[in-house]
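Engineer: Pasting the sequence and the predicted coordinates here, then a few questions.
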Amino acid sequence: MTQSTVETEFQTILYSAQDGIATITLNRPEELNTIVPPMPDEVDAAIAIATKDPEVSVIVLRGAGRAFCGGYNFGGGFHHWDEHITTDGEWDPGKDFVYSTAPQVAPTQKFMSVWRSPKPVIAQVHGWCVGGGSDFALSADLVIMSDDAVIGTPYSRMWGSYLSGMWLYRLGLTKAKEYALTGAALTGVEAAEIGLVNQSVPFAELEDTVTDLANKLAKIPLSQLSAMKLIVNQAYDNMGMASTQILGPILDGLMRNTPEARRFVELAESKGVRSVITERDGLFGDYSQAPAERRPNPEHVITP
């Protein structure tokens, strides 16, 4: 197979394709690849490019720098989404629910393009993979984490709700309830042990492990890969995943606008994200409040 040439220029991601493998890299390393516009649209566009490219059989997702994705960026008060969810500076629940559920514009649905693509998608997860970043990663077909990576939904405690529902569909009832209610953080090793992700490996082996898996898949006929992905996806679609993905973003909008949530984001805007996450996670002693051995190694960096 040959190198694919892509002329599209992106602001928040990088795209490349070679030897049957397309690589999409979230590229806001200085901000832990947190989600801002136009990242969801650009991921969707890159998935479309890879899906249409006859030379591509497998897609790899990863993050530049020291994290896969730190979730939705709310440090500036979430104002970068105002056009879609506010009117005259005030939250507009009507605009929010329309925006968050319409397939043509909803960020969750843009990220779910990895689920809908007929080509297998592997998420290569290192560093932080939290909040909406975890919803995105878990939408991939296969998820490989580094041992010291941390995945979780701290929004379970404040300012959010499950978006894609992939935490629910990847876990059984017992564990799904546990993590939905506590938002507890998991290392890569722990996530693999409970079946949330496929595999956890030392960071030094992460890239080679993903590349080896992608190369093996690329040797299987694409029609065969697509058929097997479709039958599995269809089983979960039949369980009502589309309905979950309508309810999740609507609840997320509501939970972003309770009195407690408004105080949370206002404090983040005025005093910084660190202040509010210290308050949110201090009781649980995890995420940034965890001991060093339960936080990602900051020296583990992906350089595109």
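Structural biologist: Everything's here; your move.

Engineer: and Ala102, how many neighbours does it have?
Structural biologist: Residues within reach of Ala102, counting by other Cβ atoms under 10 Å, total 12. For the C-beta atoms, the positions are set from N, CA and C on the backbone; glycine is no exception.

Engineer: now it, nearest residue through space, not along the chain?
Structural biologist: Leaving aside its chain neighbours, Ala102 sits nearest to Gln109 (7.5 Å; criterion: Cβ to Cβ, 6 or more residues apart in numbering).

Engineer: need the contact list for the one you found.
Structural biologist: With contact taken as Cβ atoms under 8 Å, 6 or more residues apart in numbering, Gln109 is in contact with Thr101, Ala102, Pro103, Gln245.

Engineer: end-to-end on stretch 267-279?
Structural biologist: Stretch 267-279 has its terminal residues 11 Å apart, counting by Cα to Cα, to the nearest Å.

Engineer: List the buried residues in that stretch.
Structural biologist: Ala268, Glu269, Val273, Val276, Ile277 (16 or more other Cβ atoms under 10 Å).

Engineer: which element follows the helix or strand hosting the first one toward the C-terminus?
Structural biologist: Meaning Ala268. Assigned by DSSP states H and E, Ala268 belongs to helix 259-271. Note on helix 259-271: by DSSP H and E, the next helix or strand toward the C-terminus is helix 273-282.

Engineer: Show me what that following helix is packed against.
Structural biologist: Judged by 3 or more Cβ pairs under 8 Å, 6 or more residues apart in numbering; DSSP states H and E, helix 273-282 is in contact with helix 259-271.

Engineer: Report whether the expected contact of Arg66 with Glu31 is present.
Structural biologist: No. Using Cβ atoms under 8 Å as the test, Arg66 is too far from Glu31 to be in contact (11.1 Å).

Engineer: between the two, which one's more packed in?
Structural biologist: Set side by side, Arg66 and Glu31 show more neighbours around Arg66, with 19 against 15, by other Cβ under 10 Å.

Engineer: contacting residues around that one?
Structural biologist: Arg66 makes contacts with Pro29, Leu32, His126, Gly127, Trp128, Pro296, Pro298, Glu299, His300, Val301, Ile302, as judged by Cβ under 8 Å, 6+ apart.

Engineer: Looking at neighbours, which among these is most surrounded?
Structural biologist: Neighbours here mean other Cβ under 10 Å. Within the contacts of Arg66, the largest count is held by Gly127, at 29 neighbours.

Engineer: and the gap between the residue lying closest to it once chain neighbours are set aside and Thr182?
Structural biologist: If the residues on either side of it in the chain are set aside, Gly127 comes closest to Ala67, at 3.6 Å by Cβ to Cβ, 6+ apart. Look at Ala67 and Thr182: by Cβ to Cβ, to the nearest Å, they are 22 Å apart.

Engineer: can you map out the strands along the stretch 1-150 of the chain?
Structural biologist: In the stretch 1-150 of the chain, the strands defined using DSSP state E, counting those that start in this stretch lie at 13-18, 21-26, 58-63, 67-69, 86-87, 90-91, 121-125, 128-130, 142-146, 150-152.

Engineer: Of all these, which one is nearest Arg170?
Structural biologist: Arg170 lies closest, by Cβ to Cβ, to one member of those: strand 142-146, at 8.6 Å.

Engineer: Quick check: can you name the pairing partners of that closest one and their directions?
Structural biologist: Take DSSP bridges as the rule and strand 142-146 pairs in its sheet with strand 121-125 (parallel), strand 199-201 (parallel).

Engineer: so which of those is the most packed in?
Structural biologist: Ranked by mean neighbour count, these are led by strand 121-125 with a mean of 27 (mean count of other Cβ atoms under 10 Å).

Engineer: angle of that strand against strand 58-63?
Structural biologist: Between strand 121-125 and strand 58-63, the angle comes out at 20 degrees (axes from the mean of the first three to the mean of the last three Cα atoms, to 10 degrees).

Engineer: Dump the C-alpha coordinates for strand 121-125 into PDB.
Structural biologist: These are the backbone C-alpha positions of strand 121-125, laid out as PDB (Å, rounded to 0.1, in the frame of the first residue of the first chain):
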ATOM      1  CA  VAL A 121     -10.700   1.900  14.900                       C
ATOM      2  CA  ILE A 122      -8.100   1.500  17.600                       C
ATOM      3  CA  ALA A 123      -7.700   4.000  20.400                       C
ATOM      4  CA  GLN A 124      -4.100   4.400  21.700                       C
ATOM      5  CA  VAL A 125      -4.600   5.800  25.100                       C
END
